[in-house]
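[1] Give me a model of this one.
(one chain, ligands or ions: 2)
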Amino acid sequence: MSGIEEPGQVILGKRKDAGPQDKWTAEHVLSMRWWTPALLSFRTTRYRGFRFTPGHYTRLGLGAGDDLVWRPYSVASAAYDDFLEFIAVLVPGGAFSEPLRRLRVGDTIRVDKASYGFLTVDQLAPGKDLWMLSSGTGLGPFLSILRDPTIWQSYERLIVAHSVRHSSELAWRDEIAGIRNGELFAEAKATLTYLPVVTREPGATELTERVPLLLADGRLEAAAACPLDVATSRVLVCGNPEMTRELRQALTARGFATNRRGIPGQMAFEKYW
Ligand SMILES: Cc1cc2nc3c(=O)[nH]c(=O)nc-3n(C[C@H](O)[C@H](O)[C@H](O)COP(=O)(O)OP(=O)(O)OC[C@H]3O[C@@H](n4cnc5c(N)ncnc54)[C@H](O)[C@@H]3O)c2cc1C
Ligand SMILES: NC(=O)c1ccc[n+]([C@@H]2O[C@H](COP(=O)([O-])OP(=O)(O)OC[C@H]3O[C@@H](n4cnc5c(N)ncnc54)[C@H](OP(=O)(O)O)[C@@H]3O)[C@@H](O)[C@H]2O)c1
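    Ligands and ions are numbered 1, 2, ... in the order given. Coordinates of the predicted model:
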């Protein structure tokens, strides 16, 4: 055996080989970014066979033996990146959050070989403006979607709302503003409107109320300078389950529908718990 540690051999200190029959691969943590003591994003190596559509999630596994815990996590990186990126909040006492808190660069994490979900643009009928409404870590899949150059060619406007408790949780704020400047985006026609919403730090942002209320009283559309209309708007919603429930109700009342039996709709949802 060579002195080089092969990817996929060590799971938090315990050896485990992922064979071809396994539904997961063992990947290495390449980098970690702590936005707050309870919010981090991290990059891992990517199994060459791992395929996903922006908006998909996969399952991550930490621990070993009886302590092995799997949880779904949305992919935040681009489909063309040779790494995978995720954002995670640490829930006190959470079965996955606790080993995640101890994770360090170089450690190994299990990644499901498959990706899942319906929070993808191909669930939607063609439209002019794409709204991505998120709370907390629900921003993650939208970062992956924004990193897809074809989205910038298929829509005229991209509107991202990110609701967080504190401004320090406005993850990737600068990256989002800079995506369009990347060399892959030379053909981009869409404009991006980024709407940060900080709910527990008065004065941090112009918008300070929860997203369903901002939608109901017209302030969301005013801030975007764009009407949210079933004829032209397509909406993706991700994060807090109460928020997704309230927005589904509000959008349904405006005539929006989800994909039904393969017929593309005008909205799609992902709730995180
Ligand atoms: C499809 C899907 C995709 C997901 N993608 C992500 C992701 O990209 N990033 C991420 O951090 N989590 C994501 N989650 C949630 C994640 O799978 C775990 O639930 C979370 O990391 C906490 O795991 P836990 O075992 O520590 O606690 P759990 O026992 O799983 O959760 C305990 C409680 O923590 C709260 N909670 C769980 N997840 C979150 C969250 N994301 N934000 C705020 N509160 C939460 C809820 O009140 C929940 O009941 C996703 C969930 C689903 C269903
Ligand atoms: N965020 C933290 O400071 C922090 C620190 C340590 C641990 N945690 C853990 O992380 C979890 C919370 O994470 P989080 O703050 O990312 O998620 P969150 O509680 O869902 O809050 C994220 C954003 O969603 C908003 N929101 C909450 N309920 C909503 C609803 N029904 N409709 C619309 N918007 C809604 C929040 O507004 P409101 O502010 O009005 O609720 C906030 O702006 C908890 O389990 C906690 O234990 C969080």
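[2] Can you name every helix or strand that the top helix by length along the chain contacts?
    Assignment by DSSP state H gives helix 241-253 as the longest helix of the chain. Packed against helix 241-253, as judged by 3 or more Cβ pairs under 8 Å, 6 or more residues apart in numbering; DSSP states H and E, are the following elements: strand 129-135, helix 211-216, strand 233-239, strand 267-271. C-betas here are computed from N, CA, C, even on glycine.
[3] Nearest to residue 185, out of these?
    Closest approach to residue 185 among the helices and strands packed on helix 241-253 is made by strand 129-135 (15.3 Å; Cβ to Cβ).
[4] is the helix or strand following that closest one anywhere near ligand 2?
    Going down the chain from strand 129-135, the next helix or strand is helix 140-146, by DSSP states H and E. No. Counting by Cβ under 6 Å from any ligand atom, no contacts exist between helix 140-146 and ligand 2, the nearest distance being 11.3 Å.
[5] Outside of helix 140-146 itself, list whatever touches it.
    54-57, 73-79, 85-87, 117, 119-121, 132, 134, 151, 158, 160, 172, 175-176, 179, 192, 236, 238, 270 (Cβ atoms under 8 Å, 6 or more residues apart in numbering).
[6] While we're on the residue lying closest to residue 179 once chain neighbours are set aside, how confident is the model there?
    Spatially, and ignoring its direct neighbours in sequence, residue 179 is nearest to residue 146 (5.4 Å; Cβ to Cβ, 6 or more residues apart in numbering). You'll see residue 146 listed with a pLDDT of 98.
[7] same thing with residue 10?
    42.
[8] Next, count neighbours for the residue nearest to residue 179.
    Residue 146 is flanked by 27 other residues according to other Cβ atoms under 10 Å.
[9] Equivalent analysis for residue 27, please.
    Every residue meeting other Cβ under 10 Å relative to residue 27 is counted, giving 23.
[10] now swap in the one 4 residues further on and tell me
    By the other Cβ under 10 Å criterion, the neighbourhood of residue 31 contains 11 residues.
[11] Doesn't it lie inside a strand?
    Yes. Counting by DSSP: H, G, I helix; E, B strand; the rest coil, residue 31 is located in a strand.
[12] Quick check: the residue nearest to residue 179 vs residue 19, distance?
    Distance, residue 146 to residue 19, by Cβ to Cβ, to the nearest Å: 36 Å.
[13] picking that back up, and the longest helix of the chain with strand 129-135, angle?
    Following axes from the mean of the first three to the mean of the last three Cα atoms, to 10 degrees, one obtains 150 degrees for the angle between helix 241-253 and strand 129-135.
[14] which ones are touching the residue nearest to residue 52 when sequence neighbours are not counted?
    By the measure of Cβ to Cβ, 6+ apart, the closest residue to residue 52 outside its immediate chain neighbours is residue 115, 3.5 Å from it. Residue 115 is in contact with 50-53, 56-58, 75, counting by Cβ under 8 Å, 6+ apart.
[15] does residue 122 sit in a helix, a strand or a coil?
    helix.
[16] how many other residues sit next to it?
    Quick note: residue 122 (other Cβ under 10 Å) scores 11 neighbours.
[17] so which strand or helix has the closest residue to it other than its chain neighbours?
    Ranked by Cβ to Cβ, 6+ apart and with sequence neighbours excluded, the top spatial neighbour of residue 122 is residue 53, at 6.9 Å. Applying DSSP H and E as the criterion places residue 53 outside every helix and strand.
[18] do residue 192 as well
    Using DSSP H and E, residue 192 falls in strand 191-198.
[19] which residues in this structure form helices?
    Under DSSP H, the chain gives helices at 97-102, 140-146, 149-154, 173-178, 211-216, 219-224, 241-253.
[20] Ligand 1 is nearest to which of these?
    helix 97-102 (3.2 Å; Cβ to the nearest ligand atom).
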